[in-house]
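Peer 1: No letters, just coordinates:
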């Protein structure tokens with residue numbers, strides 16, 4: 001049970017692109033992007049990848065199905081970040097209140113229509129209308145603040161990713177958590193929008209899909225490196241860096257080496273591990 005005022009983040013999915021469960025990914029996890037941020041008694045969820053259903057089951061177990069108010073913030077709507085949504089148990093519980101937020105779709109699309117398109121034949125057998133919870137959709141423009149509650153501030157910034165993406169900054173109880181994934185850097189040119197977003201943050205989760213050696217082969221894919229994450233948090237005066245959105249071809253042994261190299265470059269840097277909780 002989270003105590004009043006506690007600020008924490010739990011990783012429910014740390015992979016990018018496609019889930020990769022199996023014996024070679026046990027330590028760092030095989031589920032795609034999903035984070036649970038606890039701000040006292042309030043839960044904020046970031047991304048709805050294959051880790052989201054496990055979180056949903058945990059929420060129902062902890063609350064005995066008692067109605068909750070939940071916010072699900074999406075960085076973007078590529079499949080690895082939304083495929084878990086139809087299987088998120090709270091959507092199917094009467095009395096639950098959920099608001100889904102996205103900052104990358106306007107003016108051409110809405111989040112509601114995008115999810116309806118995903119959950120439509122022949123891709124999926126049931127539409128979002130099957131949800132029994134009270135579900136709202138909030139489309140905003142990346143760069144705007146998002147209202148959650150008087151004691152929680154959510155700031156946003158656009159990210160460099162195909163079809164658009166949004167980075168998030170959560171301010172609560174005098175601390176700052178930032179979630180910046182699915183963004184491609186330009187070598188030698190720090191992204192000023194990200195620097196402003198993560199300024200003096202306590203914890204930064206950053207897209208570290210590739211190593212510096214791999215990156216040149218994947219220009220245009222919309223992802224970054226752990227070394228760029230180190231450069232950004234150093235320039236922004238941020239504190240702890242967690243590497244995220246692990247490439248599905250990077251097994252536990254590979255990620256061990258990434259973690260060692262990153263910690264040597266900047267002590268305290270760590271690789272995000274599915275199931276681990278960080279107190280901010």
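Peer 2: Yep, that arrived. The structure presented is a predicted model; accordingly, all values stated were derived computationally and were not measured.
Peer 1: Show me how far the lengthiest helix in the chain is from its chain's centre.
Peer 2: Scanning the chain for the longest helix, with DSSP state H as the assignment, gives helix 252-265. With CA atoms, centre = their mean, to the nearest Å as the basis, helix 252-265 stands 21 Å off its chain's centre.
Peer 1: ok, residues contacting it?
Peer 2: By CB atoms under 8 Å, 6 or more residues apart in numbering, the surrounding residues in contact with helix 252-265 are 24-28, 208, 211, 226-227, 229-230, 241, 243, 246, 250, 269-271. For glycine as for every other residue, the C-beta is placed from the backbone atoms N, C-alpha and C.
Peer 1: Show the residue spans covered by the strands in the protein.
Peer 2: Secondary structure of the chain by DSSP state E: the strands cover 7-13, 34-39, 42-46, 69-74, 97-102, 134-139, 146-149, 152-159, 165-172, 175-180, 203-207, 240-244, 270-271, 277-279.
Peer 1: Deepest in the core, which of the ones you listed is it.
Peer 2: Counting by mean count of other CB atoms under 10 Å, strand 203-207 has the highest mean neighbour count of the strands of the chain, with a mean of 27.
Peer 1: Which other helices and strands does it contact?
Peer 2: Strand 203-207 sits against strand 175-180, helix 226-236, strand 240-244, with contacts defined as 3 or more CB pairs under 8 Å, 6 or more residues apart in numbering; DSSP states H and E.
Peer 1: Paired strands for it, with orientation please.
Peer 2: Sheet pairing for strand 203-207, assigned by DSSP bridges, gives strand 175-180 (parallel), strand 240-244 (parallel).
Peer 1: any chance of the strands of the chain in TSV, plus distance to residue 187?
Peer 2: Output for the strands of the chain, formatted as TSV (distance: least, CB to CB, whole Å):
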stretch	distance to residue 187
strand 7-13	28
strand 34-39	27
strand 42-46	27
strand 69-74	28
strand 97-102	29
strand 134-139	33
strand 146-149	31
strand 152-159	17
strand 165-172	19
strand 175-180	17
strand 203-207	15
strand 240-244	18
strand 270-271	22
strand 277-279	29
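Peer 1: nearest to residue 126, of the ones you listed?
Peer 2: strand 134-139 (14.2 Å; CB to CB).
Peer 1: Residues in contact with that closest one: which ones?
Peer 2: If you take CB under 8 Å, 6+ apart as the criterion, strand 134-139 is touched by 91, 95-103, 105-106, 110-112, 128, 146.
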